[in-house]
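Participant: No letters, just coordinates:
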Ligand code: B12
């Protein structure tokens with residue numbers, strides 16, 4: 001049998017090869033072998049997604065590849081998630097994410113959610129066409145560290161400041177991050193968002209930064 005580092009390396013490589021089925025099988029046998037869940041998460045799944053983020057930032061990978069890798073990572077997460085919630089492995093933080101009211105684009109938002117999950121965050125996805133009141137309700141229910149909003153239409157971007165106002169009125173104390181193709185840093189600053197990320201890999205680094213995780 002291979003030693004632990006080599007076995008974790010196989011999971012890592014299979015994520016980079018987009019082999020979801022293999023990843024699920026390897027993670028499953030690692031769990032059965034009794035390997036620490038945090039080691040599987042940190043040294044195989046999160047490490048692979050960090051590499052994917054770096055390759056994307058360097059222009060070596062594009063959105064379709066990042067999605068395939070995220071799906072492969074997700075296959076491993078499906079095995080770990082129920083076990084992690086029973087164990088004492090701390091999550092990096094809790095993020096509520098959604099696409100704003102009257103907007104049904106979700107590819108980018110899903111990618112950000114998956115990469116955050118790959119980065120060790122617990123992600124609660126509210127889906128698309130999420131009204132300000134639904135974000136407020138989710139903030140009260142889940143007490144997230146971060147709320148992420150996505151908008152792909154210039155006509156739905158104004159629903160971001162509306163949501164931020166509603167969250168502030170409801171005394172939400174966490175951080176807010178916005179993104180989506182038409183959203184810019186300037187826009188994020190004018191609407192009082194704490195952060196803006198142009199893509200999913202930057203979103204993970206900024207989420208970590210906002211929560212003081214290095
Ligand atoms: C796919 C698509 C659709 C699909 C959506 C399917 C789905 N499940 O999402 C469908 C066909 C349903 C659709 C519908 C419409 N669409 Co459309 N659509 C697109 C398209 C081609 C791709 C968007 C996409 O998925 N990009 C890939 C992802 C990965 O990129 P992304 O979303 O930008 O996300 C990245 C970053 O922005 C960032 N990010 C995204 N969200 C978040 C959130 C946070 C918190 C953070 C930190 C970062 C972040 O990270 C992501 C990953 O790196 C774009 C054109 C384009 N090239 O952008 C048009 C586009 C967005 N659509 C457009 C339009 C007009 C429409 C419609 C109004 C068309 C119509 N007349 O019916 C409807 C609107 C429906 C509605 N109410 O929402 C226009 C918008 C124009 C504008 N300036 O407002 C675009 C730009 C096309 C165009 N050139 O005209 N669309």
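Facilitator: Noted; the coordinates are in hand. Since this is a predicted model, take the numbers as computed values, not measurements. Numbers count the residues shown, from 1 in each chain.

Participant: Quickly list the domain ranges of this structure.
Facilitator: As recorded under automatic domain parsing, the domains making up the chain are 4-86, 94-210.

Participant: The top helix by length along the chain: which residues count as buried?
Facilitator: As assigned by DSSP state H, the longest helix anywhere in the chain is helix 63-86. Of the residues in helix 63-86, 66-70, 72-77, 79-80, 84 count as buried by neighbour count, 16 or more other CB atoms under 10 Å. Any C-beta I mention is one placed from the backbone N, CA and C, and that applies to glycine too.

Participant: and what of stretch 13-30?
Facilitator: Those would be 14-16, 18-20, 22-27, 30, for stretch 13-30 by 16+ other CB under 10 Å.

Participant: what's next to it, contact-wise?
Facilitator: The contact list for stretch 13-30 (CB atoms under 8 Å, 6 or more residues apart in numbering) reads 7-8, 10-11, 40, 44-45, 48-49, 51-52, 65, 68-69, 71-76, 78-80.

Participant: close to the ligand, is stretch 179-190?
Facilitator: Yes. For stretch 179-190, a contact with the ligand is found by CB under 6 Å from any ligand atom, at 179-182.

Participant: repeat for stretch 164-171
Facilitator: No. Contact of stretch 164-171 with the ligand is not found when judged by CB under 6 Å from any ligand atom; the minimum separation is 12.4 Å.

Participant: what about the helices in the protein?
Facilitator: Remark: helices assigned in the chain by DSSP H are 4-16, 20-32, 37-39, 47-57, 63-86, 107-118, 132-142, 159-169, 185-190, 200-210.

Participant: the inter-axis angle of the fourth one versus helix 200-210?
Facilitator: Okay, so that is helix 47-57. 120 degrees (axes from the mean of the first three to the mean of the last three CA atoms, to 10 degrees).

Participant: gap between helix 47-57 and the chain center?
Facilitator: From the chain centre to the centre of helix 47-57 is a distance of 13 Å (CA atoms, centre = their mean, to the nearest Å).

Participant: neighbouring contacts of that helix?
Facilitator: Applying CB under 8 Å, 6+ apart, the contact partners of helix 47-57 are 11-12, 15-16, 61-62, 65-66, 69-70, 73, 115, 118-119, 199-202, 204-205.

Participant: could you give me the average pLDDT of the longest helix of the chain?
Facilitator: Helix 63-86 shows a mean pLDDT of 88.

Participant: Mean pLDDT lowest where, among the domains of the chain?
Facilitator: The minimum mean pLDDT among the domains of the chain belongs to domain 4-86 (a mean of 92).

Participant: out of the helices of the chain, nearest to residue 153?
Facilitator: Across the helices of the chain, residue 153 has its closest neighbour in helix 159-169 (9.4 Å, CB to CB).

Participant: by contact count, what packs against that closest one?
Facilitator: helix 132-142, strand 146-150, strand 175-179 (3 or more CB pairs under 8 Å, 6 or more residues apart in numbering; DSSP states H and E).

Participant: how about TSV for those, with mean neighbour count and distance to residue 2 added?
Facilitator: Listed next are those as TSV, based on neighbours: other CB atoms under 10 Å; distance: least, CB to CB, whole Å:
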stretch	mean neighbour count	distance to residue 2
helix 132-142	17	39
strand 146-150	28	37
strand 175-179	24	39
